[in-house]
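Visitor: Kindly generate the corresponding structure for this input.
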Amino acid sequence: SEKKEEEENSGIICDKCGAPMTVKRGRFGAFLGCSKYPECKNIMNIEKKTGVKCPKCEKGDVIERKSKKGKMFDFVMWNKPTGEACPTCGQPLAFAAKGKITCSNKECGFSKDQE
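Guide: Here you go, the predicted model:
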């Protein structure tokens, strides 16, 4: 089988075989795949940082991710975070539909118009 004409090198080395990892595109977006595929089938997620701290542990960062059916996460925020805390409960605010900004805590109910 022929390789695609240009594979984007990620600068990351495969932790299974030592070959370079390349950026591949799939149904759920971009990911890293071993350049020695199909001999080595190692893959890794590409983390898209949002710059927002995790509201549960306040240590890690919330990363952008597309989910597959049945995936379980400790914390999920479907709308993009604004980087601001809710003035009512302190949880992260997120951009919502129709020009609104809402609290990620469903029990809070805080909402405002985007400025």
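
Visitor: okay, now the domains of this protein?
Guide: For the chain, automatic domain parsing gives the domain ranges 8-45, 52-63+77-113.

Visitor: Tabulate those domains (JSON lines), appending mean pLDDT and mean neighbour count.
Guide: (Each C-beta comes from the backbone N, C-alpha and C, glycine too.) JSON lines is the format used below for those (pLDDT from 0 to 100; neighbours: other Cβ atoms under 10 Å):
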{"stretch": "domain 8-45", "mean pLDDT": "91", "mean neighbour count": "14"}
{"stretch": "domain 52-63+77-113", "mean pLDDT": "86", "mean neighbour count": "14"}
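
Visitor: distance of Y37 from C86?
Guide: For Y37, the distance to C86 (Cβ to Cβ, to the nearest Å) stands at 45 Å.

Visitor: Centroid-nearest residue for the chain?
Guide: In the chain, the residue lying closest to the centroid (Cα atoms, centre = their mean) is E64, at 2.1 Å.

Visitor: so how far is I13 from the closest residue to it other than its chain neighbours?
Guide: Nearest non-adjacent residue to E64, counting by Cβ to Cβ, 6 or more residues apart in numbering: K48, 3.8 Å away. Distance of K48 to I13, computed by Cβ to Cβ: 21 Å.

Visitor: Then G26?
Guide: Separation of G26 from I13 (Cβ to Cβ): 21 Å.

Visitor: How far off centre is the host helix or strand of N9?
Guide: Here N9 is covered by strand 8-13, with elements defined by DSSP states H and E. In terms of Cα atoms, centre = their mean, to the nearest Å, the gap separating the centre of strand 8-13 from the centre of its chain is 19 Å.
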